[in-house]
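Participant: Pasting the sequence and the predicted model now:
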Amino acid sequence: MKFFVSCAKGLEYLLADELVALGCAHATAARAGANVEGSLADAQRAVLWSRLASRVLWPIAEYDCPDERALYAGAAAIDWSQHLRVGMSLAVDAHVSGDVITHARYAAQRIKDAVVDTLRGPDGERPSVDLEQPDLRLNLVVKTNKAGASKALLSVDLGGGPLHRRGWRQMQGEAPLKENLAAAVLMRGGWPALYHEGGALLDPMCGSGTLLIEGALMAADVAPGLAREGLPLQTPSRWRQFDVLAWRALVEDAEARAQAGLAALRDAFHGSDLDPHAVRAARENAERAGVADRLRFEVQDVAQLSVLDAPRGLAVCNPPYDARLAADPMLYRALGDALKRAVPGWKASLLCGDAELARATGLRAAKKYQVFNGAIECALIVCDPVLPPQRERPVDAAPQPLSEGAQMVANRLRKNLKASKSWREREGIHCWRAYDADIPEYAAAIDVYTALESGADDTGERWLHVQEYAAPAEIPEATTRKRLQDLLAGAREAFDVPRERVAVKTRAKGKGGSKYADSGVFKRGETLVVREGAAKLKVNLFDYLDTGLFLDHRPMRLRLAAEAKDARFLNLFAYTGAATVHAAVGGAARTTTVDLSATYLQWCSDNLRLNGFGGERHRLVQADVLQWLLADRGEYDLVFCDPPTFSNSARAEDFDVQRDHVRLLQAAMARLSFGGTLYFSNNYRRFRFDEAAIAAFAEVEEISPQTIPQDFARNPRIHRAWRLRGIG
């Protein structure tokens, strides 16, 4: 027989593998579930043993359903005496799509009517309705195919209801994690194989204990259906074709396995949470699940997580977020930092609100999965290990001679270094552009970043960030590739840096045209601390298209630092907040930083903390800038606004700097104090500043030449900038 097992979206392939492992002949991932081939015994085994399933649906009838009369007639034609007795109760869950039948509750009502109308006893008795604990739960699906034909599929819900309800969770927090999704987090992390290898399980934000309790029951080989209401010896459904004897044999075997597994369960489960009420709920749930004596819970902030003795294990967590994906990126970063410190060699499986929040942890994900927690699309990341070992530098037996092209690049770079030396030393420049397609055949930009030793004041190693420019279409790809290899070899030679300290962003063909592609398979999660003026800033050369620091804006940031003394500073479209840090270092009374990206705001927070700033005086706001400006009532003395050329984020209105700059600047000027200054810049090369419209509310002066640094003199159109002051 073919039957269907449903699950949360994103778990389909994992579920199919689990069902085959449970003995089903075949299972294929489908939308929100798996189509399965197997016997009734296989389906009943899935009810008892599947950790991922939401429901197990055994089909009893499929028929054409062109209208609601056909829906009723098809159900009325079924011999219901084969499925339930007159005095039993039933419930119908309906799911409809298409234009034929559009109301699920009405469809469920018509199926119920068909059952009770055709199944009456001699004295008029008929089945009753019990929506909570029916003897028989039916599942109706009405679908319309591409040709416009509708079909109805009626199935028996063999589990009698949602299978994620294990029976042990009575106490829960505000946003409980379903047990089958918790099982998926554990399975993706390689649990319980890690347990059998001697590993431990950690959840530093455990809430009501779902992940740890589910993990303990998995390790102890306790069937997930063993503690549900009505079990162990009663069946989950009183469907007349349910194989009661086979079910009881399954349950008796599961009980024996659970008894042995619980007796042998090691003390290897550690949970903590800042909320004492959540910890109390976790302990009570663990007691009901029969694993309380093997789980250790404590009230603790994640930042205070202590180092665990176990050499291997799995860290799991479902950090807070809500339906609006509101979450604190700093909490995610604190989680990542705590895991790096406490369990650097373990694996981690973390269910995060979205990809940006996952990145905010600062952990390098080896694998990423899209899953759904109810209607919320989440990012499940697996890190193995939490803190990858530092790469060892390769030892070359003998240096390879440079090709003619590489030698030419190396010579040009040495010439550039010599020419810029006095300027760099005089201005205290540690990060600069050293090469910008100086030799046309070797078309790339090379930026130098000089790291501070362990974040201290002394400069240390040089790192290179190379961005290849798109070659003309007539240049063969092999030639372009060879030229890039020569350029990299020449750069390593001129700067005397090893290969692992060179980040390369190459052009790759993709949907929508040419775009940059990372040279690595996975993100490295490697950051440097550099100095610019009096500010320390964190950069990441490898994981993103940009590094976190736009070098061409160096003069603008230094100007902001010089003018920020005692000012109320506002940074719009803040990116990683480098301008905010400069304003704070320059003595700003308060700073407000606005960006739509939680990742960039976390980066800004890290930058502020590097320089000793934080707290209420330095506010971080995750919002659409224009909408926030229209709602804000604050007043600011110094404003920096550097918007993107285009933005089409799903979380905000589309933004076009050419189309929207007047409206944006008008809203920003409305927040400017009397005598205040707003600096506006952008890097859209075809941008036309609407001076006539802006003259109505601001005095404008273009200052672009003053903001282009010496190392970008070859490319004076890298950006344009204006200074605005209010009038009237």
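Facilitator: Now that the structure is in, tell me what you want to look at. Numbers count the residues shown, from 1 in each chain.

Participant: what's the closest non-adjacent residue to residue 452?
Facilitator: Once flanking residues are discounted, residue 452 sits nearest to residue 529: 4.8 Å by C-beta to C-beta, 6 or more residues apart in numbering. Every C-beta, even on glycine, is put in place using the N, C-alpha and C of the backbone.

Participant: what's the longest helix in this structure?
Facilitator: Taking DSSP state H as the criterion, the chain has its longest helix at helix 404-427.

Participant: tell me what the helix or strand just after it is packed against?
Facilitator: Following helix 404-427 in sequence order, the next helix or strand is strand 431-436 (DSSP states H and E). The elements that strand 431-436 packs onto, with contact taken as 3 or more C-beta pairs under 8 Å, 6 or more residues apart in numbering; DSSP states H and E, are helix 404-427, strand 444-452.

Participant: Please name whichever of the ones you listed is nearest to residue 214.
Facilitator: Closest of the helices and strands packed on strand 431-436 to residue 214 is strand 444-452, at 43.0 Å (criterion: C-beta to C-beta).

Participant: What's the first helix or strand after that closest one?
Facilitator: strand 459-468.

Participant: ok, now which ones touch residue 492?
Facilitator: By C-beta atoms under 8 Å, 6 or more residues apart in numbering, residue 492 lies in contact with 464, 498-499, 502.

Participant: same check, this time on residue 83
Facilitator: Counted by C-beta under 8 Å, 6+ apart, residue 83 has contacts 60, 136, 156, 239-241.

Participant: Do you know the pLDDT at the spatially most central residue of the chain?
Facilitator: In the chain, the C-alpha nearest the mean C-alpha coordinate belongs to residue 355, at 2.2 Å (C-alpha atoms, centre = their mean). Note for residue 355: predicted pLDDT of 82.

Participant: so it sits right up against residue 377, yeah?
Facilitator: No: using C-beta atoms under 8 Å, residue 355 is not in contact with residue 377, being 9.5 Å away.

Participant: quick one on the thing from earlier: check which helix or strand covers the residue nearest to residue 452.
Facilitator: strand 528-532.

Participant: Pull out the buried residues from that strand.
Facilitator: 528-532 (16 or more other C-beta atoms under 10 Å).

Participant: Could you do stretch 606-620 as well?
Facilitator: 606-608, 610, 613, 618, 620.

Participant: likewise stretch 370-377?
Facilitator: Buried residues in stretch 370-377 (16+ other C-beta under 10 Å): 371, 373.

Participant: Show the end-to-end separation of it, please.
Facilitator: 7 Å (C-alpha to C-alpha, to the nearest Å).

Participant: since we're on the closest residue to residue 587 other than its chain neighbours, how many residues are nearby?
Facilitator: In space, and not counting its chain neighbours, residue 587 is closest to residue 565: 4.2 Å by C-beta to C-beta, 6+ apart. Residues near residue 565, counting by other C-beta atoms under 10 Å, number 12.

Participant: Could you pull up the residues touching residue 565?
Facilitator: Counting by C-beta under 8 Å, 6+ apart, residue 565 touches 586-588.

Participant: which one is the residue nearest to the centre of the chain nearest to, not counting chain neighbours?
Facilitator: residue 379 is the one closest to residue 355 (C-beta to C-beta, 6+ apart), at 4.7 Å.

Participant: next one: residue 28
Facilitator: Per C-beta to C-beta, 6+ apart, closest to residue 28 is residue 35, 5.0 Å.

Participant: go on, residue 727?
Facilitator: Nearest to residue 727 is residue 699, by C-beta to C-beta, 6+ apart, at 5.6 Å.

Participant: For beta bridges, what are the partners of the one you found?
Facilitator: residue 725 (DSSP bridges).

Participant: if I look at it, how far off is residue 617?
Facilitator: 30 Å (C-beta to C-beta, to the nearest Å).

Participant: Nearest to residue 305 among the buried residues of strand 528-532?
Facilitator: Closest approach to residue 305 among these (C-beta to C-beta): residue 529, at 23.9 Å.

Participant: surely that closest one meets residue 449?
Facilitator: No: the criterion here is C-beta under 8 Å, and residue 529 misses it with residue 449 at 9.9 Å.

Participant: what do the two both touch?
Facilitator: With C-beta under 8 Å, 6+ apart as the test, residue 529 and residue 449 both reach residue 539.

Participant: just to revisit the earlier point, what remains of the contacts of residue 83 if I keep only buried residues?
Facilitator: Using 16+ other C-beta under 10 Å, the buried ones in these are 60, 136, 156, 239.

Participant: Show residues contacting stretch 474-482.
Facilitator: 405, 471.

Participant: same question for it, mean pLDDT?
Facilitator: Stretch 474-482 comes out at a mean pLDDT of 89.

Participant: quick one on the thing from earlier: looking at the contacts of residue 565, state which has the most neighbours.
Facilitator: residue 588 (26 neighbours).

Participant: That one touches residue 564, doesn't it?
Facilitator: Yes: with contact defined as C-beta under 8 Å, residue 588 counts as touching residue 564 (4.2 Å).

Participant: Overlap of the contact sets of those two?
Facilitator: Contact criterion C-beta under 8 Å, 6+ apart; residues shared by residue 588 and residue 564: residue 638.

Participant: a markdown table please, covering the buried ones among the contacts of residue 83 and showing distance to residue 385.
Facilitator: Below are the buried ones among the contacts of residue 83 laid out as a markdown table (distance: C-beta to C-beta, whole Å):
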| residue | distance to residue 385 |
| --- | --- |
| 60 | 50 |
| 136 | 50 |
| 156 | 46 |
| 239 | 48 |
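
Participant: what residue ranges in the stretch 301-450 of the chain score low on pLDDT?
Facilitator: Low-confidence segments of the stretch 301-450 of the chain, defined by pLDDT under 70: 323-326, 390-399.

Participant: where along it do the strands fall?
Facilitator: With DSSP state E, counting those that start in this stretch as the criterion, the stretch 301-450 of the chain has strands at 313-317, 347-352, 367-373, 376-383, 431-436, 444-452.

Participant: closest to residue 165 out of these?
Facilitator: strand 367-373 (16.0 Å).

Participant: What is the burial count for residue 155?
Facilitator: 21.

Participant: For residue 678, give me its contacts.
Facilitator: 638-641, 665, 668-669, 672, 698, 723-725.

Participant: in what helix or strand does it lie?
Facilitator: Counting by DSSP H and E, residue 678 is found in strand 672-682.

Participant: what's the spacing between residue 221 and residue 331?
Facilitator: 35 Å.

Participant: Have a look at those two and say which one is more surrounded.
Facilitator: Using other C-beta under 10 Å as the criterion, residue 221 and residue 331 rank with residue 331 on top: 20 against 16.

Participant: what's the closest non-adjacent residue to the more buried one?
Facilitator: Per C-beta to C-beta, 6+ apart, closest to residue 331 is residue 319, 6.4 Å.

Participant: my read: that neighbour touches residue 330, true?
Facilitator: No: counting by C-beta under 8 Å, residue 319 stays clear of residue 330, with 11.2 Å between them.

Participant: neighbour-wise, which of the two wins?
Facilitator: The neighbour comparison of residue 319 against residue 330 (other C-beta under 10 Å) goes to residue 319, with 23 against 17.

Participant: Distance check, that one against residue 308.
Facilitator: Distance from residue 319 to residue 308, by C-beta to C-beta: 19 Å.

Participant: again with residue 335
Facilitator: Counting by C-beta to C-beta, the gap from residue 335 to residue 308 is 15 Å.

Participant: Show me which of the two is the more surrounded one.
Facilitator: residue 335 (25 against 14).

Participant: Give me the below-cutoff pLDDT ranges for this protein.
Facilitator: Judged by pLDDT under 70, the stretches of the chain that qualify are 121-122, 171-175, 229-234, 323-326, 390-399, 453-459, 507-525, 649-652, 728.

Participant: Farthest-apart pair in the buried residues of strand 528-532, please.
Facilitator: Every pair of these checked by C-beta to C-beta; the farthest is 528 and 532, at 12.4 Å.
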